[in-house]
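Asker: here is a sequence together with a model predicted from it:
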Amino acid sequence: MADATLLEAVGAVVDPELRRTLGELGMVRAASLVDGVATVELALTIAGCPAAQRIERDVRAAAESVAGVESVEVLVGTMSAEERTALIGRVRGARTNRFGPGTLTRVIAVGSGKGGVGKSTVAANLAVALSRRGLKVGIMDLDVHGFSIPGLLGIAGARPTRVDALVMPPEAHGIPAISIGMFLEGDEPVSWRGPMLHRTIEQFLSDVWFGDLDVLVVDLPPGTGDAALSFGQLVPNAEFLLVTTPQPAAAEVAVRAGLLARRLDQRLLGVVENMSGLPQPDGSVVELFGSGGGTATAERLSSPEEPVGVLARIPLSIALRASGDAGAPIALTEPRDVAAVAFQDLADAVLAAGASRAGRPLL
């Protein structure tokens with residue numbers, strides 16, 4: 001006999017990949033209680049679902065919490081093609097690009113004029129710093145030819161879960177992350193032209209299910225090429241964070257990326273000066289890469305109507321380099337390190353620059 005209390009309890013269990021309750025997703029086919037024995041029938045999305053053991057464990061615990069339940073039997077099946085189609089419709093809704101105009105998720109694009117300035121390191125650590133403030137954060141690695149987010153977050157080799165056209169990204173430190181590197185084998189190179197890059201960005205924006213996010217951090221490729229153009233066209237509501245170095249000569253290259261973002265109607269949040277000096281035990285700073293690049297970049301992008309500032313200066317840090325190699329962001333491993341403190345300050349500056357969405361539903 002069906003039991004409403006049991007059904008409600010197991011239906012409240014959250015699928016760890018889709019980040020919705022089993023009841024919402026239609027994954028509980030039946031729940032009955034007879035002579036103290038609770039029988040729960042589940043329909044998982046795919047055979048071999050990576051989250052199957054966790055879901056079964058959580059359902060069992062939820063059922064055991066119901067009054068009158070003495071033992072639990074969980075029967076696990078797989079959804080039919082029609083059931084999966086219905087599930088995808090419930091999850092995705094009518095919107096294809098959930099991060100385009102109209103979304104309430106803040107999209108923070110991290111870009112640079114050229115490679116090698118630590119753009120991906122800034123993107124990864126900013127995402128972690130924002131997450132530590134209690135926000136729901138995701139990260140999208142669009143640096144297709146030079147992806148490094150999986151390694152920086154410690155999930156190199158992780159694979160997303162696919163349910164037909166829906167892609168559930170793996171999590172690192174509570175942050176769902178997607179990268180083209182998760183679909184490749186070994187050192188396979190990506191040698192794509194513009195149309196393929198555009199299609200990949202479209203698919204990431206429409207097919208990857210992050211759940212409801214407060215902030216999506218996007219690691220853009222360096223420069224002003226096809227990927228930056230495609231992203232700007234698809235997400236004109238994004239905010240742009242420009243990463244450069246202290247070297248004055250870097251300012252000229254960096255400015256071009258900022259001007260492109262503005263041309264694409266993206267809001268220019270500000271400049272991050274990375275590798276901003278090496279602090280010494282006596283309190284002095286060795287400026288290995290010179291000084292003034294961040295300020296020069298901000299000044300050249302500023303206008304009376306749209307002033308641009310340097311939001312953060314990230315100092316050189318051995319701990320920061322080591323944390324990137326280990327896939328353990330410094331904000332988690334050594335929060336008192338000078339670089340970790342700078343990333344926390346950057347997160348504060350980014351939050352201060354955005355309107356509050358407290359109490360407002362996310363699209």
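Answerer: Arrived safely. Numbers count the residues shown, from 1 in each chain.
Asker: quick one: low-confidence parts of the stretch 201-350 of the chain?
Answerer: Under the criterion pLDDT under 70, no range of the stretch 201-350 of the chain is flagged.
Asker: quick one: the strands in it?
Answerer: For the stretch 201-350 of the chain, the strands defined by DSSP state E, counting those that start in this stretch cover 215-219, 239-244, 267-274, 278-279, 285-286, 310-314.
Asker: which strands or helices does the longest one pack on?
Answerer: Read that as strand 267-274. Here strand 267-274 touches helix 119-131, strand 239-244, helix 248-263, helix 293-301, strand 310-314, helix 338-352, going by 3 or more Cβ pairs under 8 Å, 6 or more residues apart in numbering; DSSP states H and E. Just so you know, the C-beta spots here come from the backbone N, C-alpha and C atoms, and that holds for glycine as well.
Asker: out of the strands of the stretch 201-350 of the chain, which comes closest to residue 118?
Answerer: Residue 118 lies closest to strand 267-274 among the strands of the stretch 201-350 of the chain, at 4.1 Å (Cβ to Cβ).
Asker: could you check the angle that closest one makes with helix 119-131?
Answerer: 110 degrees (axes from the mean of the first three to the mean of the last three Cα atoms, to 10 degrees).
Asker: sheet-wise, list the partners of strand 267-274 with their directions.
Answerer: strand 239-244 (parallel), strand 310-314 (parallel) (DSSP bridges).
Asker: most packed of those?
Answerer: The highest mean neighbour count among the strands paired with strand 267-274, using mean count of other Cβ atoms under 10 Å, belongs to strand 239-244: a mean of 27.
Asker: can you list contacts of it?
Answerer: The contact list for strand 239-244 (Cβ atoms under 8 Å, 6 or more residues apart in numbering) reads 106-113, 117-119, 122, 126, 250-251, 253-254, 257-258, 261-262, 266-274, 293-294, 297, 301, 311, 350, 353-354.
Asker: report the angle between it and helix 293-301.
Answerer: Calculated by the same axes, to 10 degrees, strand 239-244 forms an angle of 130 degrees with helix 293-301.
Asker: could you check the angle strand 239-244 makes with strand 215-219?
Answerer: 40 degrees.
Asker: domains for this protein, by residue range?
Answerer: What automatic domain parsing lists as the domains of the chain is 4-92, 106-352.
Asker: for residue 100, which of those domains is the nearest?
Answerer: Per Cβ to Cβ, nearest to residue 100 of the domains of the chain: domain 106-352, 5.9 Å.
Asker: mind checking how far the host helix or strand of residue 38 is from the chain centre?
Answerer: Using DSSP states H and E, residue 38 falls within strand 37-44. With Cα atoms, centre = their mean, to the nearest Å as the basis, strand 37-44 stands 33 Å off its chain's centre.
Asker: what ranges do the helices span in the stretch 51-200 of the chain?
Answerer: Taking DSSP state H, counting those that start in this stretch, the helices of the stretch 51-200 of the chain run over residues 52-64, 81-92, 119-131, 149-153, 194-207.
Asker: coming back round to it: now distance to residue 3 too, for the strands paired with strand 267-274, in JSON lines please.
Answerer: Formatted as JSON lines, the strands paired with strand 267-274 follow (distance: least, Cβ to Cβ, whole Å):
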{"stretch": "strand 239-244", "distance to residue 3": "49"}
{"stretch": "strand 310-314", "distance to residue 3": "55"}
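Asker: relative to residue 284, which of those is closest?
Answerer: strand 310-314 (15.5 Å).
Asker: now the helices and strands packed on strand 267-274 in TSV, with distance to residue 226?
Answerer: Formatted as TSV, the helices and strands packed on strand 267-274 follow (distance: least, Cβ to Cβ, whole Å):
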stretch	distance to residue 226
helix 119-131	17
strand 239-244	17
helix 248-263	12
helix 293-301	23
strand 310-314	27
helix 338-352	27
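Asker: of all these, which one is nearest residue 20?
Answerer: If you check each of those against residue 20 by Cβ to Cβ, helix 119-131 wins as the nearest, at 19.8 Å.
Asker: ok now that closest one, how far from the chain's centre?
Answerer: 9 Å.
Asker: for that helix, output the C-alpha coordinates as PDB.
Answerer: Presented in PDB, the C-alpha positions along helix 119-131 are these (Å, rounded to 0.1, in the frame of the first residue of the first chain):
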ATOM      1  CA  LYS A 119      44.100  34.300 -16.000                       C
ATOM      2  CA  SER A 120      42.900  30.700 -15.200                       C
ATOM      3  CA  THR A 121      44.500  30.800 -11.800                       C
ATOM      4  CA  VAL A 122      42.500  34.000 -11.100                       C
ATOM      5  CA  ALA A 123      39.300  32.400 -12.400                       C
ATOM      6  CA  ALA A 124      39.600  29.300 -10.300                       C
ATOM      7  CA  ASN A 125      40.500  31.100  -7.100                       C
ATOM      8  CA  LEU A 126      37.800  33.700  -7.600                       C
ATOM      9  CA  ALA A 127      35.200  30.900  -7.900                       C
ATOM     10  CA  VAL A 128      36.500  29.300  -4.700                       C
ATOM     11  CA  ALA A 129      36.600  32.600  -2.900                       C
ATOM     12  CA  LEU A 130      33.000  33.400  -3.900                       C
ATOM     13  CA  SER A 131      31.900  29.900  -2.900                       C
END
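Asker: most packed of the domains of the chain?
Answerer: Highest mean neighbour count among the domains of the chain (mean count of other Cβ under 10 Å): domain 106-352, a mean of 20.
Asker: cool, thanks, talk later.
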